[in-house]
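Participant: below are the sequence and a predicted model; questions follow.
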Amino acid sequence: MHEMSLALRIIEVAESEAKKAAATRISSIEVEVGRLAGVMAEALTFCLDAASRGTMAESAKIVFITTAGSGHCLDCKRDISVDEFPAQCPDCHGFGVTINNGTELKIRSISIDDNEGRQDNV
Ligand SMILES: [Zn+2]
């Protein structure tokens, strides 16, 4: 399952960052999901829950930030906003659209608790 491999990767990255910062626990993870990433937030939440069991991210709060998609129309040479793929240009209605943004899936930030119980963003 697509979402499960993404979830495992997110937890792995979050844990390695938390370890670098000498954290004992990850309290929250902010995940940036592009509107065109082809990821279902609900499925990803479910998978993150499963993937985080037994890790520092167990019981971490997962916050999704949806980022807009954008592209460039090759026909009328405009930069346009894109909500779905394949994309259609809102101006000339052509389908010659390349995607610039919106397919990314990445960790924006993680919040950790360190040994002294302080909270920090890394
Ligand atoms: Zn166009």
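Facilitator: Thanks, I have it.
Participant: give me the next element, helix or strand, following the strand or helix carrying residue 9.
Facilitator: Using DSSP states H and E, residue 9 sits within helix 2-20. Proceeding N to C from helix 2-20, the next assigned helix or strand is strand 23-34, under DSSP H and E.
Participant: for the ion, what are the nearby residues on this structure?
Facilitator: Contact residues (Cβ under 5 Å from the ion) of the chain with the ion: 73, 75, 76, 89, 91, 92, 94. Glycine gets a C-beta too; all of them are placed from N, C-alpha and C.
Participant: now do the SS call for the residue lying closest to the first one once chain neighbours are set aside.
Facilitator: Taking Cβ to Cβ, 6 or more residues apart in numbering as the measure, residue 73 lies nearest to residue 89, with 4.1 Å between them; neighbours along the chain are not counted. The assignment at residue 89 comes out as coil when based on DSSP: H, G, I helix; E, B strand; the rest coil.
Participant: what's the per-residue pLDDT of residue 105 here?
Facilitator: We have a pLDDT of 92 for residue 105.
Participant: name all residues that make contact with it.
Facilitator: Contacts for residue 105 were tallied using Cβ atoms under 8 Å, 6 or more residues apart in numbering; they are 6, 31, 32, 33, 34, 37, 39.
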